[in-house]
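Asks: give me a 3D structure for the following:
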Amino acid sequence: MTVSFQAKYGPWALITGASRGMGAEFARQCAERGLNTILVATNAELLQTRADSIIKGYGVEVRTIVLDLSREDFLQAITPVTTSLEIGLLINNAGLSKISPFLNLSEDELVKQLHINARAGLILTRHFARKMVARKRGGIIFLSSGSALSGTAYSANYAGTKAYNLILAESLWYELKPYGVDVLGFMAGSTKTPGWDANSPRPDWFVKVMDVKTTVSEALHTLGKRPSLIAGKSNRLGYFFMGRMLSRAQAIRIVSVSMDKMFGPFGKDI
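Replies: Below is the predicted model of the structure:
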């Protein structure tokens, strides 16, 4: 007997970073699958626009939480909204990306990135996974990145946070599976989003930029089928080649040179 997406991961999905980009698309596609959605982001106006669009388009319930996930006490702001709801799907999508030489970033910027990209997902997962385990069903998606697979110059801290997300997700995939909870580490790769555009990338042959609808659809389709996935067939092929055919140093060099071409040059920026 096939269990529907709604029955397995409903009735509510909580998506962080949900006001635009992949987070907004995750919210839309979850609603399309019949899930009520809780949208978390910092921009109140964008968040309400997204909520109105989902309600109008899919007739599901939507709650919004205007919140900076870098706050030490962010969970205290989420709990009052979610206590009476059954969260069947958690999507740890919120992320802060800043392309820059590491030493050009302030300590505050780096720590905020660490908190939003990694700490928030850790805390949310521990909080909601306990309830999912008790119900014997649920799903959790961690947004990772291809940069999790090798060192990535000019994106060092970001890559480190995404490597953390990937390994945490893959580990929990095994731990929580016996309790009916599916976990996925999803390496989104380069996807056409406002965050991607904000870094003003230049075209590069090595990087294939994906459409956000396709990227998100791959993630939701893969949840429950494997512990992790790199989005896009060409991306999977590229990273397979680098992982099997190149030394670690060669792989890092190729990725980092590509970053320099797309976003740099950074050679004398420090």
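
Asks: for this structure, which spans come out with low pLDDT?
Replies: Along the chain, the model assigns pLDDT under 70 to residues 1, 190-208, 267-270.

Asks: next, name the residue at the spatial heart of it.
Replies: Among the residues of the chain, residue 143 comes closest to the average C-alpha position under Cα atoms, centre = their mean, at 2.3 Å.

Asks: that's a strand at that one, yeah?
Replies: Yes: remark: residue 143 belongs to a strand, assigned using DSSP: H, G, I helix; E, B strand; the rest coil.

Asks: gap between it and residue 212?
Replies: Note on residue 143: its distance to residue 212, by Cβ to Cβ, to the nearest Å, is 12 Å. Using the backbone N, CA and C atoms, a C-beta is placed for each residue, glycine as well.

Asks: need the residues touching each of those two.
Replies: Counting by Cβ atoms under 8 Å, 6 or more residues apart in numbering, the residues touching both residue 143 and residue 212 are residue 22.

Asks: stretch 226-233: end-to-end distance?
Replies: The straight-line separation of the ends of stretch 226-233 (Cα to Cα, to the nearest Å) is 16 Å.

Asks: which ones are touching residue 46?
Replies: So residue 46 contacts 19-20 (Cβ under 8 Å, 6+ apart).

Asks: hang on, the earlier thing: distance of the residue nearest to the centre of the chain from residue 251?
Replies: 22 Å.

Asks: what's the answer for residue 259, then?
Replies: Note on residue 259: its distance to residue 251, by Cβ to Cβ, is 13 Å.

Asks: name the residue in those two with the higher neighbour count.
Replies: residue 259 (22 against 18; other Cβ atoms under 10 Å).

Asks: list the contacts for the closest residue in space to residue 94 that isn't next to it in sequence?
Replies: Leaving aside its sequence neighbours, residue 94 sits nearest to residue 17 (Cβ to Cβ, 6 or more residues apart in numbering; 3.3 Å). Each residue near residue 17 by Cβ under 8 Å, 6+ apart is listed here: 23, 40-41, 93-95.

Asks: for these, which one is nearest residue 117?
Replies: Proximity of those to residue 117, judged by Cβ to Cβ, is greatest for residue 95, which lies at 5.0 Å.

Asks: give me the number of residues near the residue nearest to the closest one when sequence neighbours are not counted?
Replies: Leaving aside its sequence neighbours, residue 95 sits nearest to residue 117 (Cβ to Cβ, 6+ apart; 5.0 Å). Counted with other Cβ under 10 Å, residues neighbouring residue 117 total 26.

Asks: and residue 117, how far from residue 131?
Replies: Taking Cβ to Cβ, one finds residue 117 at 24 Å from residue 131.

Asks: got the CA positions of the one helix or strand residue 39 maps to in CSV?
Replies: For residue 39, the host element (DSSP states H and E) is strand 36-41. C-alpha atoms of strand 36-41 as CSV (Å, rounded to 0.1, in the frame of the first residue of the first chain):
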residue,chain,number,x,y,z
ASN,A,36,-0.4,23.2,5.7
THR,A,37,2.7,25.4,6.1
ILE,A,38,4.6,27.4,8.7
LEU,A,39,6.8,30.0,7.0
VAL,A,40,9.8,31.4,8.9
ALA,A,41,11.9,34.3,7.6
